[in-house]
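K.L.:
Could you work out the structure for the sequence below:
(chains A and B)
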Amino acid sequence: MTNNKIIEVNHLKVSFGERKVLKDVSFSVQKGDITVILGGSGSGKSTILKHLLGLYPVEKDVVSLLNQDIATLDEKDELDFYLKLGVFYQNGALLNSLTVSENVALPLEQHTNLPPSLIEEMVRTKLNLVNLEDAFYLYPSQLSGGMLKRAALARAIILDPPLLFCDEPGAGLDPVSLAGLDELILNLREQLGMTVVMVTHEVSSILRIADKILFVEDGIIAFDGTLSGAKEAELPSLKNFFTVGTGGKKI
Amino acid sequence: MKQKTTFKSDFFSIEGNVIHVAGTLKINNTAAFLNDLENYFLTHRGTDLSIDLSGVEETDSSGVLALHLIRQKAVAHNIQLDIIGATEEVASKLDLFRPVKNKTYKPKKEAPFIYSIGDKASAFLSEYIATFFYLVSDILYWTVRDLFNKKQRRKGEFVNQAVSIGVNALPIVASMAFIIGLVLALQSSSQLRNFGANIYIVDLTVIAMMAEMGPLITAILVAGRSGSAIAAEIATMKVTSEIDALKTMGLNPLRFVVIPKIYGSLITLPFLTILASMAGIAGGALAAYLYLDITPEIFFNRMPEALYQKDILTGLIKSIVFALIIVITGTFFGFKVKEGAEGVGQSTTSSVVAAITLVIIADSILGLMFY
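P.N.:
Sure thing, here's the model as predicted:
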């Protein structure tokens, strides 16, 4: 039987000092799915994301990505592991001292032996894909918030990673730009078979693209199921997300 | 008739005018694939070719863009290259990742330096000199005004700054001054011994430390320690829009952030300077005892004869001027920050370099004035 689980988390428990942020979190993500981690502010969504990315230490057999236990990666495995991940940070996290094209080209220049002409072509194509080719020679400080996000997405997908993580990609975007970004993420999943894990609060975006919802509440996954299941769920806090997010009144 | 070829590649085989590509074409082998194809073109000038992709199992953006790129390169070798036989998956990627047609070109470089000297000089005068003097006048105005206006003053902040700029700097300033006093006396002792003027080691150390070295060492250390911190703090506040937030809350950023630092440094730097001078004199006394057999008792008995009120005042006036220079320079470069982490780093570096330079220039001017 083929294992289609691209991410597996088993009993992840996290405390910061006395405060238990994640009490017991277990879930899995299927290959090719767009999974949205949803939850109130401070519920631990970003903590889950950072553990998935290996930015916080985890114990053995707790977090497995692309069939690799991230607690047991040695230096070489760790590099290979990170080359398979694309991460789209909330504020872009572009290096301000480099132009947009240099930012996007950075992983290619550092980790591949592709000729400069092909690297330039790849950067232009990816920037064109996010509708930002005209920012090729600009610096991040010369971009607007929406442009920064698109540039960050271009950098995240430059190596065609099988797994793309997005931390609140829609925050601060106007509805039209947000819809465009969603379209792009759907397209990437379609064309490149990417699996996407996204932390977001944007209900309109969730309704457009999510396959699966993980709802985090009180340090546990309070709901784990499909988008249609989430919309029908009886959990009041989850219901509120969809009701208030679509312009209704809080239950 | 099919053309025979002896060219070998791990990625493709040649049959007549058709290049049959097989296997995977991904980022880890695209460079080698491109290299093989280009080598093949060198041996195969002038004939039109087709690339058959029916054997390609998997590819990514680098693979398909390499195919697009090689098509353009083929033209340079007078070869018309067609891509055929792509599976649906490969074809969709070929369609998705196309070379950009209307490329953005690098903006034209600025006019040669010789033409832009005037612009640069004008920009320097308006951006740096004028802004600096405007900032100085603003800071001096608020320094005086804040004394008489308690409203909006941050309670306790002056004490925090005095502790941060002055008290916390004491150990490093005192120990450095002690070492410099010791070395100064040590280097002079052999010359003085030659002339039998051992006792003048006291005059030399005391005058040098009180009027010159004490204030200078203190100012340089505080510029490196607190001047950089001031620039970094203000630059970060500017980058993260905290300065804008203060303005929109009706608070004057200069008054709120900078004036407590001015008070803190104006109060503590003279004390720090006196303590540094005393530490330096103690270092000199130790060297005098060790190398010139001048006991501490003789050294300190001689001190009142060597120490003039004018030297103490010179040191104190210098320390006040240096305090203003350090805080104003840090503030100026903090506010001049460009976006981002690198901008903060540049501001901090510039503030330390400028503060130390200005301190040394001011020291020489004041030294001449009080000579």
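K.L.:
Only C-alpha atoms from now on, for both contacts and neighbour counts.
P.N.:
Will do.
K.L.:
Share the number of residues neighbouring residue B:188, please.
P.N.:
Residue B:188: 17 surrounding residues under other C-alpha atoms under 10 Å in any protein chain shown.
K.L.:
Other residues contacting the strand or helix carrying it?
P.N.:
Element membership for residue B:188, per DSSP states H and E: helix B:170-194. Here helix B:170-194 makes contact (C-alpha atoms under 8 Å, 6 or more residues apart in numbering or on different chains) with B:198, B:200-201, B:204-205, B:209, B:213-214, B:217-218, B:221, B:272, B:275-277, B:279-288, B:291-292.
K.L.:
Among the residues you listed, which lie within helices?
P.N.:
Secondary structure assignment (DSSP state H) places B:200-201, B:204-205, B:214, B:217-218, B:221, B:272, B:275-277, B:279-288, B:291-292 from the contacts of helix B:170-194 within helices.
K.L.:
Narrow the residues you listed to those that are buried.
P.N.:
B:200-201, B:204-205, B:214, B:217-218, B:221, B:272, B:275-277, B:279-288, B:292 (16 or more other C-alpha atoms under 10 Å in any protein chain shown).
K.L.:
which sections of the stretch 151-251 of chain A are below the confidence cut-off?
P.N.:
Low-confidence segments of the stretch 151-251 of chain A, defined by pLDDT under 70: A:247-251.
K.L.:
Next, residue B:133: secondary structure please.
P.N.:
Assigned with DSSP: H, G, I helix; E, B strand; the rest coil, residue B:133 falls in the helix class.
K.L.:
Which residues are in contact with it?
P.N.:
Not one residue lies near residue B:133 by C-alpha under 8 Å, 6+ apart.
K.L.:
Could you report the pLDDT at it?
P.N.:
Per-residue pLDDT puts residue B:133 at 90.
K.L.:
Helices along chain A, start to end?
P.N.:
Under DSSP H, chain A gives helices at A:45-52, A:75-83, A:100-111, A:116-129, A:145-156, A:175-192, A:203-209, A:227-232, A:236-245.
K.L.:
quick one: which of those helices is nearest residue B:101?
P.N.:
helix A:116-129 (9.7 Å; C-alpha to C-alpha).
K.L.:
Sort out which residues of that closest one are buried, please.
P.N.:
For helix A:116-129, by 16+ other C-alpha under 10 Å, it's A:118, A:119, A:120, A:121, A:122, A:123, A:124, A:125, A:126, A:127, A:128, A:129.
K.L.:
Now the first one: closest residue in space that isn't a chain neighbour?
P.N.:
Residue nearest to residue A:118 in three dimensions, not counting chain neighbours: residue B:66, with 6.5 Å by C-alpha to C-alpha, 6 or more residues apart in numbering or on different chains.
K.L.:
Which residues are in contact with the one you found?
P.N.:
Contacts of residue B:66 (C-alpha under 8 Å, 6+ apart): A:118, B:30, B:34.
K.L.:
from these, which is closest to residue B:299?
P.N.:
Of those, the one sitting nearest to residue B:299 (C-alpha to C-alpha) turns out to be residue A:118, at 76.5 Å.
K.L.:
State the pLDDT value of the residue in the stretch 1-150 of chain A positioned nearest to chain B.
P.N.:
Using C-alpha to the nearest C-alpha, the closest approach of the stretch 1-150 of chain A to chain B is made by residue A:114 at 4.9 Å. Listed pLDDT for residue A:114 reads 89.
K.L.:
does the closest residue to it other than its chain neighbours count as helix, strand or coil?
P.N.:
Spatial nearest neighbour of residue A:114, excluding adjacent residues (C-alpha to C-alpha, 6+ apart): residue B:31 at 4.9 Å. Secondary structure for residue B:31, judged by three-state DSSP, is helix.
K.L.:
and residue B:45, what pLDDT?
P.N.:
64.
K.L.:
So what does the residue lying closest to residue B:199 once chain neighbours are set aside have for phi and psi?
P.N.:
Among residues not flanking residue B:199 along the chain, residue B:294 sits closest, at 7.3 Å (C-alpha to C-alpha, 6+ apart). Here is the backbone geometry of residue B:294 (degrees, to the nearest 10): phi -90, psi 110.
K.L.:
contacting residues around residue B:294?
P.N.:
B:198, B:199, B:285, B:288.
K.L.:
Any chance of those in a markdown table with distance to residue B:307 as columns?
P.N.:
Below are the contacts of residue B:294 laid out as a markdown table (distance: C-alpha to C-alpha, whole Å):
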| residue | distance to residue B:307 |
| --- | --- |
| B:198 | 17 |
| B:199 | 14 |
| B:285 | 14 |
| B:288 | 17 |
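K.L.:
How about the stretch 1-150 of chain B: which residue is closest to chain A?
P.N.:
residue B:31 (4.9 Å).
K.L.:
Give the full set of residues in contact with residue 215.
P.N.:
I'll assume chain A. Applying C-alpha under 8 Å, 6+ apart, we find residue A:215 in contact with A:37, A:38, A:39, A:221, A:222, A:223, A:224, A:238.
K.L.:
try chain B instead
P.N.:
The contact partners of residue B:215, taken as C-alpha under 8 Å, 6+ apart, are B:209, B:273, B:274, B:276, B:277, B:315, B:316, B:318, B:319.
K.L.:
can you tell me how far it sits from residue B:180?
P.N.:
13 Å (C-alpha to C-alpha, to the nearest Å).
K.L.:
just residue B:329 next, same as before
P.N.:
For residue B:329, the distance to residue B:180 - C-alpha to C-alpha - is 26 Å.
K.L.:
still on that earlier bit, may I have the phi/psi pair for the residue nearest to residue A:118?
P.N.:
Torsion angles, degrees, to the nearest 10, at residue B:66: phi -60, psi -40.
K.L.:
Next one, pLDDT for it please.
P.N.:
On the pLDDT scale, residue B:66 gets 88.
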